[in-house]
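Chemist: okay, structure incoming, though there's no sequence with it:
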């Protein structure tokens, strides 16, 4: 079968809302970086938010000591870790009204944000510029998305005026809204 026919054969397996789907731009960037590394160039790759540096010896030791601990963890995260996160933010950010039940720990912020978008009943508001995976995630989650542009003049920050203008222009006053903030334009 010809490749164009094969592509059409599989096309009907995707839901219609994914017809215009394209992967996040950081995936293309990653391929360029891989090519440059293969060509012998020294690259410190932070494209996916992962460190290019070796795992610290203390972390290697702790991982080695716990290789036998292989059971599934609680879905919301380890209770002690959730409590420690609350303690940290109470001390560092003066946010003392949270408890461990208010915290969810997962394998990565992109996945947690996508899952939140997936279950959220409402529209999503993003700032621009933003992390490259959010727009494709919105398409996958079938969310109406509203983008608020930021600028150098506003120090790349969301202003109350821009937020309220977006709410009014898109008639979001009586709708559930999820605002995703990230700085510096990535999920970390």
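Modeler: Looks like it came in fine. Everything numeric here is computed off the predicted structure, so don't read it as measured data. Residues are numbered from 1 along each chain as shown.

Chemist: so who does residue 143 touch?
Modeler: Listed by CB atoms under 8 Å, 6 or more residues apart in numbering, the contact set of residue 143 reads 117, 120, 123-124. C-beta: built from backbone N, CA, C; applies to glycine.

Chemist: ah, wrong one, I meant residue 158
Modeler: Per CB under 8 Å, 6+ apart, neighbours of residue 158: 127, 148, 150, 181.

Chemist: please redo it, this time with the cut-off set to 10 Å
Modeler: Contacts for residue 158 (CB atoms under 10 Å, 6 or more residues apart in numbering) come out as 125, 127, 148, 150, 166, 179, 181.

Chemist: tell me if the fifth one really is in a strand.
Modeler: No. For residue 166, which was evaluated using DSSP: H, G, I helix; E, B strand; the rest coil, the result is helix, with no strand membership.

Chemist: from memory it sits against residue 172, does it?
Modeler: Yes. Using CB atoms under 10 Å, residue 166 is in contact with residue 172, at 7.3 Å.

Chemist: what touches both of those two?
Modeler: With CB under 10 Å, 6+ apart as the test, residue 166 and residue 172 both reach 125, 146.

Chemist: next up, the contacts around the residue lying closest to residue 90 once chain neighbours are set aside.
Modeler: Spatial nearest neighbour of residue 90, excluding adjacent residues (CB to CB, 6 or more residues apart in numbering): residue 96 at 4.2 Å. Residue 96 makes contact with 86-87, 89-90, according to CB under 10 Å, 6+ apart.
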